[in-house]
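Participant: I would like to see how this sequence folds:
(2 chains)
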Amino acid sequence: MSNVTKVELENGLVIHLKEIHTAPLISHWVWYRIGSRYETPGKTGLSHWVEHMQFKGTPKFPAGFLDRAISRDGGMWNAFTYLDWTAYFETMPADKIELAMQLEADRMVNSLFDPQEVESERTVIISEREGSENEPLFRLDEAMQMAAFEKHPYRYEVIGLKEDLLRIQRDDLYQHYRTYYAPNNAIVTVAGDFQTKEMLAQLREIYGDLKPSSLPEVHIESEPPLSKERHVEISGPGETTYLRVVYRAPAANHSDFFAFTVLDSILSGPASLNMFGGGGISNKTSRLYRALVETELAVSVYGGLQATVDPFLYPITITIHPRQTAEAALSVLDREIQRLQQEAVPEAEIQRAIKQARALFAYGSENITNQAFWLGYAEIFASYDWFIHYVQELEKVTPTDIQRIAQTYLQPPRRVVGIYHPTNMLGGN
Amino acid sequence: MSLFDYAHLKSLPGPEDITRVVLPNGITVLTRVNFDSPSVVLNGYLASGSMYDSDEKAGLAHFTASALMRGTWKRSFQEIFDALESVGASLGFGASVHNTSFGGRALVEDLPLLLELLAECIREPIFPLEYVERLRAQHLAALAIRAQDTSDMASLTFDSNLFPGHPYGRSEEGYPETIQAITREDLLSFHQQHYGPRNMVIVIVGGIEPQAAIAQVEEKLGDWQNPNQMALPDLPTIQPPEKMLRHHVHIPGKSQCDLVMGSIGPCRNSADYLPASLGNNILGQFGMMGRIGNVVREQEGLAYYASTSLNAWIVGGSWEVAAGVNPVNLERAIELIIKEIRRFTTEPVSQEELEDSQSNFIGRLPLSLESNAGVAGALLNLERFGLGLDYLRRYPQMVAEVTPEMILEVARRYLDPERLIIATAGTLNVAG
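Facilitator: This is a model prediction of the structure:
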């Protein structure tokens, strides 16, 4: 991986570059270490709302200007706010990328946060939230996260509570922005068709003069493991029962993470790290699919570990068969987890999980945007080495490791069990 | 600056680097090599779409497609997926109105396996009764979830009102009562009558030489014949709506109401398509969802999304606006959208707006074609709509030739602000 370069500028900005000359494209990302993890009760949703305001213009680039400029050049751009990070990206024809860099450097410090725009965006974000509330699984998820954490900010959905979205004012947003949007809290990642030396000089010129800020000390109390199984039941419209079980998972940079990844692949099917392109692999030979769907207790099952800075959750979501109950599915889930705790997994199942991970890597590497995503994403919770060595680390996992992970993390007292009960059981037969 | 000053457009797929052959049994194979890639994408279709479904058994084409991988003469369901998943490959089937489509990917060394499984599933499925019943329950559960999805229901209602009596107006997935009515014998006879090599297309893109890819297809599918395969049906002509028509689907307990409104659109291979597509970009896509996004989201803050789409198919299509809004803002959003449609059908778009969209259409080609999947999707469309292997090379010129007057003409031909279908789904009053 000699084509990857990492540099830190004097103002604290970390730059991560990867030359890829397969298509005349460049993907440029700016990552900030800010997300719902850094929010306080009463102000949930601030980070996501700030991200929306970053599209509302600066004195140099008024709202809409860049939308138009980037679209004219056939580029693609967007932004995401997550638990641990907020990221902005532009993927453009290689000869047009400078504009994107100018934009990101400018809006790192110069966004307007016009009060009228703040108000208009309040209703847009509430509309975004209402769209999510239409989904039974969002409502279940929100209730379960609150049950899974007592103090840690991971207890709230990234979009924030509705009451907070009604309460937050322009100055809250602006202060959040000015505090966390600074070169010493950011990572710039660029992948694509460029020469590293020239790209670095250009980035230095564009980003080098930005002043670092004095970042607040972050005190996030670590949350002790759950000591007693918790239950969340909600009801709502529909005919479909959902069962979701969440276990506390290790942080991404914990040595258990890789063994947990293999366990997840065996239990619920391979999960992809690709955010852009690549597609997935089905999970029909996974243990849970065989135990739940093939036996007609459920119509679908999926799981998936997420890479986070602090320990987050490992969810298993089961859509219950119309003629079955959540309780019946839960007892089979328990049986499969006990099997992982009591019996060593055959080596062949581990080898399969590794081949699947390797294939998913190959699929995702065709896409320049995805390559630049990996450069930054891994850096947020570990380093790019984490990503480079990902498959090698999976190869080291042994049956004993998996058994230990199952015994440590997948204990009933360490989980929250959630059920969505449909209120209109129409037309049953 | 000319719109053609893009040196990289020369690297777009074209006649010299796309290989297209028609096998003696009627299967068309298109392939393009990408030596940077260690993997391959395989996609394509058969002619067995939901256009053959009866009203009583709507969803049969989809049901059949979904059951192909549940067992063949050679392998059981678990054996099929064990072969695929063990090597990190994927394969899946689905039905649209005209076609049963398939798509898969694998590392290059596993392409023979992928083709073997494709061939087995389409030629020799056995539809085990146990799996037919299991799938039926899964489909019914999916339909129950759909019945709660405001966006799906608004869209379904829009289609049924826009295309009454036409396969385009009927759900490919069917309805609870029609899924209940389908038997295993229906799947078997649908397969016998409609699955065959005639009008089948296979596209392979990735790290494999064209001749090697074609040889692999010939080996697995070159000897396939189906003398019972039925001819393509004549589909009814599509008429524009005669009047304004509103239809609401009540779904209790929803925070947001979904809205889909619009009218018919051109078929994909019509000369109207490109002007309509550029016009559609101006109306509801360019930048932050075009003119409609600008008014509904940016200016009035009424919705998180409000955008347009032009869905152009073989014998017609739709031109629609979709938005998700709080019920109290629904009427205002409809009013604003109608106002924009009226403006769009009475005044030509500005030269500046048109140039923005022309530049966007040409400039985004490299990005849309960077991956194997992007190229494979483009090749499939060239074949499906008979656009020609040189289409992507001609495309910039064709885009540049569109004028504001051409857009106004097609806008008037398809969109009439006094005659629209307006479909909504959600909870309109709190008491509901």
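Participant: interface residues of the stretch 51-200 of chain B facing chain A?
Facilitator: B:77-78, B:81-82, B:84-90, B:92, B:105-107, B:134, B:137-138, B:140-142, B:144-145, B:147-150, B:176 (C-beta under 8 Å from any C-beta of the partner chain). For every residue, glycine as well, the C-beta is placed using N, CA and C.
Participant: Now, those that are in strands?
Facilitator: Among those, the members falling in strands (DSSP state E) are B:90, B:92, B:105, B:106, B:107.
Participant: quick one: contacts for the first one?
Facilitator: Counting by C-beta atoms under 8 Å, 6 or more residues apart in numbering or on different chains, residue B:90 touches A:279, A:280, A:281, A:282, B:84, B:104, B:105, B:106.
Participant: okay if I get those as CSV plus pLDDT and distance to residue B:317?
Facilitator: Shown next, in CSV, are the contacts of residue B:90 (pLDDT from 0 to 100; distance: C-beta to C-beta, whole Å):
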residue, pLDDT, distance to residue B:317
A:279, 75, 26
A:280, 84, 29
A:281, 90, 33
A:282, 93, 31
B:84, 96, 34
B:104, 97, 27
B:105, 95, 29
B:106, 96, 33
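Participant: wait, which of these is closest to residue B:21?
Facilitator: residue B:104 (20.3 Å; C-beta to C-beta).
Participant: Using PyMOL, define a selection of the buried residues within the residues of the stretch 51-200 of chain B next to chain A.
Facilitator: Selection of the buried residues among these in PyMOL, burial being defined by 16 or more other C-beta atoms under 10 Å in any protein chain shown:
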select buried, chain B and resi 77+81+84+85+86+87+88+89+90+92+105+106+107+134+137+138+140+141+142+144+145+147+148+149+150+176
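Participant: Ignoring the adjacent residues along the chain, who's closest to the closest residue to chain A within the stretch 301-432 of chain B?
Facilitator: Of all residues in the stretch 301-432 of chain B, residue B:363 sits closest to chain A, at 2.2 Å by C-beta to the nearest C-beta. With C-beta to C-beta, 6 or more residues apart in numbering or on different chains as the criterion, residue B:363 has its nearest non-adjacent residue at 2.2 Å, and that residue is residue A:74.
Participant: Run a quick neighbour tally on that neighbour.
Facilitator: Neighbour count of residue A:74, defined by other C-beta atoms under 10 Å in any protein chain shown: 22.
Participant: Next, it: secondary structure please.
Facilitator: coil (DSSP: H, G, I helix; E, B strand; the rest coil).
Participant: and it, backbone torsions?
Facilitator: Here is the backbone geometry of residue A:74 (degrees, to the nearest 10): phi 80, psi 20.
Participant: Would you agree it is in contact with residue A:92?
Facilitator: Yes. Contact criterion C-beta atoms under 8 Å: residue A:74 and residue A:92 qualify, at 7.5 Å.
Participant: Just list the residues touching residue B:417, thanks.
Facilitator: Residue B:417 is in contact with B:338, B:341, B:342, B:345, counting by C-beta under 8 Å, 6+ apart.
Participant: now, which of the residues you listed sits nearest residue B:126?
Facilitator: Taking the contacts of residue B:417 together and measuring to residue B:126 by C-beta to C-beta, the closest member is residue B:341, at 51.0 Å.
Participant: Residue A:144 - nearest residue in space that isn't next to it in sequence?
Facilitator: That would be residue A:418: by C-beta to C-beta, 6+ apart, it lies 4.4 Å from residue A:144.
Participant: Identify the residues contacting the closest residue to residue B:371 other than its chain neighbours.
Facilitator: Of all residues not flanking residue B:371 in the chain, residue A:366 sits nearest, at 4.2 Å (C-beta to C-beta, 6+ apart). Residue A:366 is in contact with A:22, A:277, A:278, B:36, B:37, B:39, B:370, B:371, B:372, B:373, counting by C-beta under 8 Å, 6+ apart.
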